[in-house]
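**Q** Here is a sequence together with a model predicted from it:
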Amino acid sequence: MVLAAKIFLIKEGTDMEDILIKLRDHKSSEVFEADDKKIELVTEIRDLNMEGDSFNGIFAQDQIMYITHHGERIPTPRTMVAPFIFNKINDSALLTVLEKKRRANLVANTLSKIVFLTTGHIVEARITPETLQKFHEENFDDTKIIFFDDVDIPNIDKLSLYGSALGNTSLYTDYLSHGKLWYIVIRSKKYGYIVGITRNCVVTVFSKIEQPEFIGYIQKEIFPLITLS
């Protein structure tokens, strides 16, 4: 099973306990109306657990999906559930949401509204091109995919390489002279996992791994790559 996560940076220097207090027991709702049908949609934070300078919890939000029954589109609620973790790193804080990019963004924006009353205080964490390149070249014995952005060739937005041991190819060196690493899929030399990493901190693991191991990997190998300022 492929696991995905996205990491965010908290811009405000808020204490972990303050964030936890604002999230604890949060529950809000809105009513979705369609024809003569009213559906209550609930957003809640639950199962908060603090350990030292970090805490984790569950974000749950009801969303409307449509099913087709005898040609009729029927609105039906379903609950999206996403685990999240706040970690204090020196004077900064990181939020990891265990979901794919689009849903992780929704969770981050909603948490920002709950804690800071508006979006924009929880933002995408970033890895610099130089840091991602250095990390890749330390692990590129079994590189599977590389995407380059910021390409200087006219009319070309992105370049890509697919294969094995791509870091050792002349094309890699050539493409690197024209753009910057945006996305890599490598086998971690230290942990052995096959992982995809983007500069805006979307992490996907393609190896068979349980969620606690995935979280541990992110904290040990990905967190040190992130620019915290």
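**A** Thanks, I have the structure now. Keep in mind the model is a prediction, meaning the values are calculated, not measured.
**Q** Touching the lengthiest helix in the chain from outside, list them.
**A** Longest helix in the chain, counting residues (DSSP state H): helix 101-116. The contact list for helix 101-116, computed with C-beta atoms under 8 Å, 6 or more residues apart in numbering, reads 4-6, 8, 12, 14, 19, 22-23, 26, 43, 45, 59, 61, 80, 82, 84, 95, 97, 99, 118-122, 202. Yep, even glycine has a C-beta here, placed from its N, CA and C like the rest.
**Q** so after it, what's the next helix or strand?
**A** Downstream of helix 101-116, the first helix or strand assigned by DSSP states H and E is strand 122-124.
**Q** Give me the mean pLDDT for that following strand.
**A** For strand 122-124, mean pLDDT rounds to 95.
**Q** what's the top strand by length along the chain packed up against?
**A** If you go by DSSP state E, the chain has its longest strand at strand 72-89. If you count contacts as 3 or more C-beta pairs under 8 Å, 6 or more residues apart in numbering; DSSP states H and E, strand 72-89 packs onto helix 16-23, strand 27-34, strand 37-51, strand 54-69, strand 92-97, helix 101-116.
**Q** 7 Å instead?
**A** Secondary-structure packing of strand 72-89 (3 or more C-beta pairs under 7 Å, 6 or more residues apart in numbering; DSSP states H and E): helix 16-23, strand 37-51, strand 54-69, strand 92-97, helix 101-116.
**Q** Which of those sits closest to Val195?
**A** strand 92-97 (14.2 Å; C-beta to C-beta).
**Q** And the closest one, what does it pack against?
**A** Short answer (3+ C-beta pairs under 7 Å, 6+ apart): strand 92-97 packs on strand 3-10, strand 72-89, helix 101-116.
**Q** rerun that using 6 Å as the cut-off
**A** With contacts taken as 3 or more C-beta pairs under 6 Å, 6 or more residues apart in numbering; DSSP states H and E, strand 92-97 sits against strand 3-10, strand 72-89.
**Q** which outside residues touch the first one?
**A** Applying C-beta atoms under 6 Å, 6 or more residues apart in numbering, the contact partners of strand 3-10 are 93-98, 100-101, 104, 108, 122-123, 125, 201-205, 214.
**Q** ok, of these, which come out buried?
**A** Buried by 16 or more other C-beta atoms under 10 Å: 93-98, 100-101, 104, 108, 122-123, 125, 201-205, 214, out of the contacts of strand 3-10.
**Q** what's next to stretch 55-62, contact-wise?
**A** By C-beta under 6 Å, 6+ apart, stretch 55-62 touches 20, 41-49, 77, 79-86, 107.
**Q** Could you do stretch 32-41 as well?
**A** Stretch 32-41 has contacts (C-beta under 6 Å, 6+ apart) with 29-31, 62, 64, 75, 77.
**Q** Thanks a lot, catch you later.
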